[in-house]
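[1] Sequence below, structure please.
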Amino acid sequence: MNNWHTWVAALATIAVLICYEALQALMRWRTPERVARTAHTRLREEWFAAVSSHPGSELLAVQTLRNSLMSATMTASTAVLGLVATVSLAAPSLHARFSDPDGLVLITPSLMLELVLLSLLFASLVCSAMAVRYYNHAGFIAGMPCESPGRQRWNDAGRVCVRRGGVLYSWGLRYLVLVAPILAATLHPYAGPPAALLVVCVLYGFDRSETPVSVSVSLR
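    Purely as a prediction, here's the structure:
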């Protein structure tokens, strides 16, 4: 199908997701205390500060970071498996469309959705892999004795690594969730908008902060 109905359905699926993410970005800017990601970022920073001020908590800190590292690794593994599978299935059609002898690329709803799907999976892979990197650095810092000169020197860097690792892990997992409505629209364009609305409703429940914070924290 390549009529205007399928174009509207495909574009509506993508528009619902973009509008929701834009609304979340606006909320983080205007009322950060109402967004869960801001609260969770603040929580990680306060956790690192707490374990850094209590000698003997080094093992607990390393184990906690190892759990976070494993979670990010699982997300990255899932993203790369999905990316490889999508490329394997979509490569023949993509190659045919981009190798037109007349030099023309026919943009269809299915082609657009396949490209969006590949972009989301690749973004999830990159964010999750970078989260693994930051958690790995934070693990080395958290493993130092709290009262050692090295730990005191690297405390700020450890706090930054924990914050960035958490933010990147959150985005990696989020991109993976956003794959669902795009995949539904790829299977059938008319299934995309309802799936997008369902995913947005689920994400809204997770994005609401139950613990207000008074400081806006961003990925710097």
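[2] Just give me how far the lengthiest helix in the chain sits from the chain centre.
    For the chain, the helix with the greatest residue count under DSSP state H is helix 58-98. Put simply, helix 58-98 sits 11 Å off its chain's centre (C-alpha atoms, centre = their mean, to the nearest Å).
[3] for stretch 41-53, same thing?
    22 Å.
[4] Stretch 42-60 too?
    That offset, for stretch 42-60, works out to 25 Å (C-alpha atoms, centre = their mean).
[5] hang on, the earlier thing: what's the angle between the helix or strand that the longest helix of the chain is followed by and helix 58-98?
    Counting by DSSP states H and E, the next helix or strand C-terminal to helix 58-98 is helix 109-142. With axes from the mean of the first three to the mean of the last three C-alpha atoms, to 10 degrees as the basis, helix 109-142 and helix 58-98 are set at 160 degrees to each other.
[6] other SSEs contacting whichever helix or strand comes after helix 109-142?
    Sequence order places helix 149-187 as the next helix or strand after helix 109-142, per DSSP H and E. Taking 3 or more C-beta pairs under 8 Å, 6 or more residues apart in numbering; DSSP states H and E as contact, the helices and strands that helix 149-187 lies on are helix 4-30, helix 36-52, helix 58-98, helix 109-142, helix 192-207. Just so you know, the C-beta spots here come from the backbone N, C-alpha and C atoms, and that holds for glycine as well.
[7] send the alpha carbons of the second one over as CSV?
    Written as CSV, here are the backbone C-alpha positions of helix 36-52 (Å, rounded to 0.1, in the frame of the first residue of the first chain):
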residue,chain,number,x,y,z
ALA,A,36,11.1,11.3,36.8
ARG,A,37,14.4,11.4,34.8
THR,A,38,15.4,14.5,36.7
ALA,A,39,14.6,12.9,40.0
HIS,A,40,16.5,9.8,39.1
THR,A,41,19.5,11.7,38.0
ARG,A,42,19.5,13.6,41.3
LEU,A,43,19.2,10.3,43.1
ARG,A,44,22.3,8.8,41.5
GLU,A,45,24.3,11.9,42.3
GLU,A,46,23.2,11.8,46.0
TRP,A,47,23.9,8.1,46.1
PHE,A,48,27.5,8.6,44.9
ALA,A,49,28.0,11.4,47.4
ALA,A,50,26.7,9.2,50.2
VAL,A,51,28.9,6.2,49.5
SER,A,52,31.9,8.5,49.0
